[in-house]
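K.L.:
dropping the sequence and predicted coords here.
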Amino acid sequence: MSGRVGDDADASGGLPEKTEDGVMFHAWNWSFDAIREKLPELAEAGFKSVQTSPVQPNKEPLTNGSQWWILYQPTGFGIGNSQLGTREQFQQLCEEAEKHGISIIVDVVANHMGNAGGGELAHRPAKNVDPELLANPDFWHEAKGVLDWNARGQVTQWGIGLPDLNTANEALQDKVIAFLNDAVALGADGFRFDAAKHIELPDDRTPSNFWPRVLGALDDKERLFLYGEVLQGGADRYPSYAEFLHLTASRYGESVRHAVGFGGTPDVSLAEDFKASQVDPSKLVTWVESHDTYANDSEESTAMTDEQLKLGWAIVASRAGSNPLFFNRPAGGGKFAARIGEPGSELWRDPDIAALNRFHNAMAGEGERLQALGPDVLLIERGEKGAVLLNAGASAAQVEADTALPSGSYDSHASAGGTFLVTNGKLAGSLAPGAIAVLQR
């Protein structure tokens, strides 16, 4: 076997029926056609859903990988752009995805539009923004940027370096609703709302009915997976957004990175707490890294190695309740080697990633128990059906732990192999440095 998913004709991802029971693949900057071509392999690798980059038209036809931000500067609420593909190509993607049991999640930019430039022009709309939007002053907030991130009014009513839409305006909301329902009609299965923290809540001091009204107007809402980018910190009102949609768990991602030793020595116990302000794990979208932590100038996760990413994914994908998102980095050497529209790196095809995805899918509905067996080794059990072990340390680990698994011999489904024995509630085996073990009944 070559060590890549796709070479084993008998492999199966065992995809669950519901989007929320599976794992998501963030096809960052991939064109619609690039995603469509890889759907059979993505299904085989165990990915239940694929998240696209924003599908709306944007202000410039830029394609250099470092200009990824252009996709987050839309000019209106339509489907199709020069980088990812046309409306027809999006529909073809959705139709093909359905054949493979894969859900398509669309990244939506509803908080702002593309700007006219830098400096004083940053909070003014670009000249090629939809004329109906440009012509209506009631569709826009004041052209100024947030100065105090702890001031809720500024966070929701002022700009984030881009011209801020007045999302409380119901005529504007109607345009968003029409766009979302158009995407649903073409086959979309859910949405990620970019900058959701900056769209006001019904009980804010400056309130808005955006969330209940827009989400309540979605066609076939019960089958849609909906989540918002609510980055934790400042005036985030994190638990309040959970009343309407799933939320990004940005602080947990940081904890996972530190847990596997990125930026220091491993401490796997850091991965136990979701750090989600009392929001139930079932409402969380979890990750090792996001496109922002990878691509932003702060480079919070850019220097992570593939081994660290895999160890982090072993944590995120193995846990119960939450909704794991696998961010696909650009292909090639360098931070932005691939152009917008091209498929990314092939780490998603790694057999350990696929084994973890299949484990997650098979464990839907099972509870969890986490045990930190020292700073380097973490055991994640899922009821009596299976367990994942990971060794983030530089030395081999002899594993001895209490377990709920039935007595017997368990061969690991991960690439490092190995056999673990369970005898009368005791798990024993050896785990190489940097290795992952996936055990199932």
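P.N.:
Nice, I can see it.
K.L.:
run through the strands of the stretch 151-300 of the chain in chain order.
P.N.:
190-193, 225-228, 246-248, 284-286 (DSSP state E, counting those that start in this stretch).
K.L.:
tell me which strands the first one pairs with, and in which orientation.
P.N.:
With DSSP bridges as the criterion, the sheet partners recorded for strand 190-193 are strand 103-108 (parallel), strand 225-228 (parallel).
K.L.:
okay, domains of the protein per the record?
P.N.:
Following automatic domain parsing, one finds the domains of the chain at 19-365, 372-440.
K.L.:
chain center to the first one, what's the gap?
P.N.:
If you compare the mean C-alpha spot of domain 19-365 with that of the full chain, they lie 6 Å apart, counting by Cα atoms, centre = their mean, to the nearest Å.
K.L.:
just to revisit the earlier point, need the strands paired with strand 190-193 in CSV with mean neighbour count and distance to Glu272, can you?
P.N.:
C-beta: built from backbone N, CA, C; applies to glycine. Shown next, in CSV, are those (neighbours: other Cβ atoms under 10 Å; distance: least, Cβ to Cβ, whole Å):
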stretch, mean neighbour count, distance to Glu272
strand 103-108, 24, 28
strand 225-228, 22, 23
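K.L.:
for those, give me CSV that also has distance to Ala34 and mean pLDDT.
P.N.:
Shown next, in CSV, are these (distance: least, Cβ to Cβ, whole Å; pLDDT from 0 to 100):
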stretch, distance to Ala34, mean pLDDT
strand 103-108, 13, 99
strand 225-228, 22, 98
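K.L.:
reformat those as JSON lines; add distance to Lys283.
P.N.:
Formatted as JSON lines, the strands paired with strand 190-193 follow (distance: least, Cβ to Cβ, whole Å):
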{"stretch": "strand 103-108", "distance to Lys283": "16"}
{"stretch": "strand 225-228", "distance to Lys283": "9"}
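K.L.:
ok, which of those comes nearest Val184?
P.N.:
Comparing the strands paired with strand 190-193 against Val184 with Cβ to Cβ, the closest turns out to be strand 103-108 (9.3 Å).
K.L.:
which strands and helices lie in contact with the helix or strand following that closest one?
P.N.:
Next along the chain after strand 103-108, taking DSSP states H and E as the criterion, comes helix 131-134. Packing contacts for helix 131-134, counted by 3 or more Cβ pairs under 8 Å, 6 or more residues apart in numbering; DSSP states H and E, involve helix 170-186.
K.L.:
for the helix it packs on, buried residues please.
P.N.:
With burial defined by 16 or more other Cβ atoms under 10 Å, the residues of helix 170-186 counted as buried are 172-173, 175-177, 179-180, 183-184, 186.
K.L.:
what is the nearest of the residues you listed to Ala217?
P.N.:
Set against Ala217, the nearest of the buried residues of helix 170-186 by Cβ to Cβ is Ile177 (4.6 Å).
K.L.:
does the closest one touch Asp219 like I think?
P.N.:
No - if you go by Cβ atoms under 8 Å, Ile177 and Asp219 don't touch, sitting 9.5 Å apart.
K.L.:
so where does Glu88 fall, helix or strand?
P.N.:
Assigned by DSSP H and E, Glu88 belongs to helix 87-99.
K.L.:
I'd like to know which elements that helix is packed against.
P.N.:
If contacts are counted by 3+ Cβ pairs under 8 Å, 6+ apart, helix 87-99 sits against helix 32-44, strand 103-108, helix 170-186.
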